[in-house]
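Participant: For reference, the sequence and a predicted model appear below.
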Amino acid sequence: MSLVFSALADPTRRAILERLAHGEATVNELAEPFAMTQQAVSKHLKVLERARLISRTRTAQSRPCVLDTEHLDVAAGWIARHRQIWADRHDRLDAHLTALRNQDEETTR
């Protein structure tokens, strides 16, 4: 999962994933919107492949990239679980602080 979060840390790689969410694309197609060389885009693709966020299929003429959502789903699940843990902790802290405030108000009366 560390590879997934590391890959997602870069805005170019996130943009590539957004593009692939609309369908497969070749390296040339993915490189078009960026002011970088095809070689630089290929390096980003290798990072995404290592994180298993994309795969490359083979056709007779090219190797288009395809989004693989399985590991994104795992990361999203991890985030959701931890979001809930922190929300629960926040709620408990809020209840505790409210109880302390109420207790303080009762003592000062």
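Facilitator: All right, it came through fine.
Participant: domain parsing for the chain?
Facilitator: As assigned by automatic domain parsing, the chain contains the domains 1-68, 70-109.
Participant: Pick out the shakiest of these, pLDDT-wise.
Facilitator: In terms of average pLDDT, domain 70-109 trails the rest of the domains of the chain, at a mean of 89.
Participant: quick one: buried residues of that domain?
Facilitator: Residues of domain 70-109 classed as buried: His71, Leu72, Ala75 (neighbour count, 16 or more other C-beta atoms under 10 Å). Yep, even glycine has a C-beta here, placed from its N, CA and C like the rest.
Participant: Run through who's touching stretch 57-72.
Facilitator: Residues outside stretch 57-72 that contact it (C-beta atoms under 8 Å, 6 or more residues apart in numbering): 1, 4, 16-17, 20-21, 24-27, 30, 45, 48, 51-56.
Participant: Off-centre distance for the lengthiest helix in the chain?
Facilitator: The residue-count maximum for a helix in the chain (DSSP state H) belongs to helix 70-107. Mean-position distance between helix 70-107 and its chain equals 22 Å (C-alpha atoms, centre = their mean, to the nearest Å).
Participant: now swap in stretch 98-109 and tell me
Facilitator: With C-alpha atoms, centre = their mean, you get 44 Å for stretch 98-109.
Participant: Can I get it in PDB, CA atoms only?
Facilitator: The C-alpha coordinates for stretch 98-109 follow below in PDB (Å, rounded to 0.1, in the frame of the first residue of the first chain):
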ATOM      1  CA  THR A  98     -18.900  19.000  26.800                       C
ATOM      2  CA  ALA A  99     -19.100  17.000  30.000                       C
ATOM      3  CA  LEU A 100     -16.200  18.900  31.500                       C
ATOM      4  CA  ARG A 101     -17.900  22.200  30.600                       C
ATOM      5  CA  ASN A 102     -21.200  21.100  32.100                       C
ATOM      6  CA  GLN A 103     -19.400  20.000  35.200                       C
ATOM      7  CA  ASP A 104     -17.600  23.300  35.500                       C
ATOM      8  CA  GLU A 105     -20.800  25.200  35.100                       C
ATOM      9  CA  GLU A 106     -22.500  23.200  37.800                       C
ATOM     10  CA  THR A 107     -19.600  23.800  40.200                       C
ATOM     11  CA  THR A 108     -19.600  27.600  39.700                       C
ATOM     12  CA  ARG A 109     -23.300  27.900  40.500                       C
END
